[in-house]
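Visitor: give the three-dimensional model of this entry:
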Amino acid sequence: MSTTGTLAPLLKLEGVSKRFGGLQALSGVSLSIERGHVHGLIGPNGAGKTTLFNLITGLSAPDEGRFELDGVEYLPASAHQVARAGIARTFQNIRLFGAMTALENVMVGRHVRTGCGAWAAMLRTPGQRREEVAIRMQARRLLEEVGIAGMADAPARTLSYGDQRRLEIARALATEPRLLALDEPAAGMNATEKRSLRELLLRIQASGVSLLLIEHDVKLVLGLCDRVSVLENGSLIAEDEPEAVRRNPKVIEAYLGAAHA
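Guide: Predicted structure coming up:
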């Protein structure tokens with residue numbers, strides 16, 4: 001875990017609301033994610049966690065609210081624009097290109113940072129070829145960083161569940177994010193895989209990337225995060241350091257239960 005810096009938060013949300021027909025999915029949610037922190041987002045099913053993730057990462061538009069990234073107001077209007085702004089995400093249901101190799105999947109993520117356009121790619125210009133070599137080298141480095149370098153040439157669909165999770169993280173890192181948003185990264189993992197995931201996330205944090213994660217494994221969240229926000233019925237009921245959240249009566253009643261008190 002890291003300590004809070006004196007700079008403005010990396011990402012700040014103020015009064016964010018979202019409705020789907022007659023359902024109020026989020027109601028005036030405000031939270032801040034500090035630079036270099038691991039920030040957890042927990043709450044019961046249907047609390048609005050994934051909706052908030054989708055707003056932050058440009059997959060859905062808010063009805064109300066204000067976003068600041070690095071102290072500058074911004075609107076997460078599309079997933080591509082959000083990626084270029086420095087926010088990447090993974091999904092609860094893994095979304096990889098199954099027929100492509102692990103290396104190719106990471107290279108796809110890296111193309112958001114490329115300079116050569118479609119014409120250069122079609123004409124195979126010298127600049128485009130140099131860029132492609134650099135992308136391939138970077139993709140291999142990221143596969144090594146997440147611990148699956150030996151799977152580089154394997155089709156993504158043949159990787160184990162845990163390795164597919166790691167591949168999705170590598171692809172997200174290929175966009176050079178300032179904030180990596182992880183939706184249930186430990187879902188379906190056994191205890192050994194979760195320990196390995198925790199070590200990986202701490203290494204990513206140490207590299208200077210801030211993390212935001214939705215996760216149902218409360219033990220993992222409270223042991224990993226610098227700060228935790230808790231949603232219930234679309235509203236923020238707590239935001240504090242993990243130990244304070246664990247002892248918060250509202251959180252215990254809404255989500256954790258007496259066993260965590």
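Visitor: residue contacts, residue 106?
Guide: 139, 142-143, 167, 170-171, 174 (CB atoms under 8 Å, 6 or more residues apart in numbering). Where C-beta positions appear, they are placed from N, C-alpha and C, glycine not excepted.
Visitor: cutoff 6 Å now
Guide: For residue 106, the contact set (CB atoms under 6 Å, 6 or more residues apart in numbering) comprises 139, 142, 170-171, 174.
Visitor: and what about it, helix, strand or coil?
Guide: helix (DSSP: H, G, I helix; E, B strand; the rest coil).
Visitor: out of the contacts of residue 106, name the ones that lie in helices.
Guide: 139, 142, 170-171 (DSSP state H).
Visitor: quick one: mean pLDDT over stretch 202-222.
Guide: For stretch 202-222, mean pLDDT is 94.
Visitor: pretty sure residue 226 sits against residue 38.
Guide: Yes. Using CB atoms under 6 Å, residue 226 is in contact with residue 38, at 5.5 Å.
Visitor: which one's more surrounded, these two?
Guide: Neighbours were counted for residue 226 and for residue 38 using other CB atoms under 10 Å; residue 38 has more, 26 against 20.
Visitor: give me the beta-bridge partners of the more buried one?
Guide: residue 211 (DSSP bridges).
Visitor: tell me how far it lies from residue 203.
Guide: 12 Å (CB to CB, to the nearest Å).
Visitor: just residue 109 next, same as before
Guide: 18 Å.
Visitor: who has more neighbours, these two?
Guide: residue 109 (24 against 13).
Visitor: look at that one and give its secondary structure.
Guide: Strictly by three-state DSSP, residue 109 counts as helix.
Visitor: pLDDT value on it, please?
Guide: 85.
Visitor: then residue 143?
Guide: 97.
Visitor: correct me, but it touches residue 154?
Guide: No. Residue 143 is beyond contact range of residue 154, at 10.5 Å (criterion: CB under 6 Å).
Visitor: neighbour-wise, which of these two wins?
Guide: residue 143 (23 against 15).
Visitor: how near is the more buried one to residue 163?
Guide: Residue 143 sits 10 Å away from residue 163, going by CB to CB.
Visitor: now do residue 134
Guide: 25 Å.
Visitor: with neighbour numbers in mind, choose between these two.
Guide: When neighbours are counted by other CB under 10 Å, residue 134 and residue 163 differ, and residue 163 comes out ahead with 19 against 12.
Visitor: contacts only, for the more buried one.
Guide: residue 148.
Visitor: host element of it?
Guide: Counting by DSSP states H and E, the element that carries residue 163 is helix 161-173.
Visitor: pull out the buried positions in that helix.
Guide: 162-173 (16 or more other CB atoms under 10 Å).
Visitor: residue contacts, residue 205?
Guide: Counted by CB under 6 Å, 6+ apart, residue 205 has contacts 38, 211.
Visitor: doesn't it lie inside a helix?
Guide: Yes. Under three-state DSSP, residue 205 falls within a helix.
Visitor: what's the following helix or strand after the helix holding residue 163?
Guide: Following helix 161-173 in sequence, per DSSP H and E, is strand 179-183.
Visitor: which strands and helices sit next to that next one?
Guide: Under the contact criterion of 3 or more CB pairs under 6 Å, 6 or more residues apart in numbering; DSSP states H and E, strand 179-183 touches strand 87-89, strand 210-214.
Visitor: just put those strands in CSV and tack on mean neighbour count.
Guide: As requested, the helices and strands packed on strand 179-183 are exported to CSV (neighbours: other CB atoms under 10 Å):
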stretch, mean neighbour count
strand 87-89, 25
strand 210-214, 24
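Visitor: which among the ones you listed is found nearest to residue 52?
Guide: Closest to residue 52 of the helices and strands packed on strand 179-183, according to CB to CB: strand 210-214, at 8.6 Å.
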